[in-house]
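1. Provide a 3D model corresponding to the input given below.
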Amino acid sequence: MSGRPERHDVIACARAWQVLRLAHDRVASRLDEDLSRECGLTVREFDVLLYLHTHEGQEVRIGDLQEAVSLSQPALSRLVGRLEGRNLLQRSAAEVDGRARAVCLTACGVGLIERAIQVHASAVHNCLTGNFTIDEQERLLDLLTQIGP
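-> Residues are numbered from 1 along each chain as shown. The predicted model follows:
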């Protein structure tokens, strides 16, 4: 036995979904506003730059970026093209397979994502975690991690 209830309350499930969705919408809206105003970025652009920043020193192909954003391959390629056009990232031939394209941050991209990380953290804190104690924040993270990593 997993320790979880065998039956579920359909009203509680519907309410949990509603509360989670509304919390997500509130935080996402704040992130959209703050990242756009402070950094000129959308949340998806932030997610791509953050992925590249956290994978610094590794070869990242455009397809790898789908871990960061849920976009089709053509839409992701257009997003990468826009970021490249703004000199925030650059594409080059992949080391192993020269036909594939690798992407990495430019110096401008590094500077912008480092600033954007601070803006992002402030927005998340103000909208979500700032109302909780450290213990509650850890519990929230544990619970959300059970939904998906």
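2. and the residue most central in space within the chain, what element?
-> Closest residue to the average C-alpha location of the chain: residue 47 at 4.0 Å, with Cα atoms, centre = their mean. Using DSSP states H and E, residue 47 maps to helix 43-54.
3. before we move on, back to that, list the contacts for the nearest residue to the residue nearest to the centre of the chain once chain neighbours are set aside?
-> Spatial nearest neighbour of residue 47, excluding adjacent residues (Cβ to Cβ, 6 or more residues apart in numbering): residue 68 at 4.5 Å. Every residue, glycine included, has its C-beta placed from N, CA and C. Contacts for residue 68 (Cβ atoms under 8 Å, 6 or more residues apart in numbering) come out as 47, 48, 50, 51.
4. Report the separation between residue 68 and residue 46.
-> Using Cβ to Cβ, to the nearest Å, we find residue 68 at a distance of 9 Å from residue 46.
5. Going along the chain, name the strands of the chain.
-> Taking DSSP state E as the criterion, the chain carries its strands at 60-61, 89-93, 101-105.
6. will you turn the ones you listed into CSV that also has distance to residue 77?
-> Converted to CSV, these look like this (distance: least, Cβ to Cβ, whole Å):
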stretch, distance to residue 77
strand 60-61, 11
strand 89-93, 10
strand 101-105, 9
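7. Turn those into JSON lines, including mean pLDDT, mean neighbour count and distance to residue 74.
-> What follows is the strands of the chain, written out as JSON lines (pLDDT from 0 to 100; neighbours: other Cβ atoms under 10 Å; distance: least, Cβ to Cβ, whole Å):
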{"stretch": "strand 60-61", "mean pLDDT": "90", "mean neighbour count": "19", "distance to residue 74": "15"}
{"stretch": "strand 89-93", "mean pLDDT": "91", "mean neighbour count": "15", "distance to residue 74": "15"}
{"stretch": "strand 101-105", "mean pLDDT": "91", "mean neighbour count": "19", "distance to residue 74": "14"}
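8. Show me the one of these that comes nearest residue 19.
-> strand 60-61 (35.1 Å; Cβ to Cβ).
9. What is that closest one packed up against?
-> Judged by 3 or more Cβ pairs under 8 Å, 6 or more residues apart in numbering; DSSP states H and E, the packing partners of strand 60-61 are strand 101-105.
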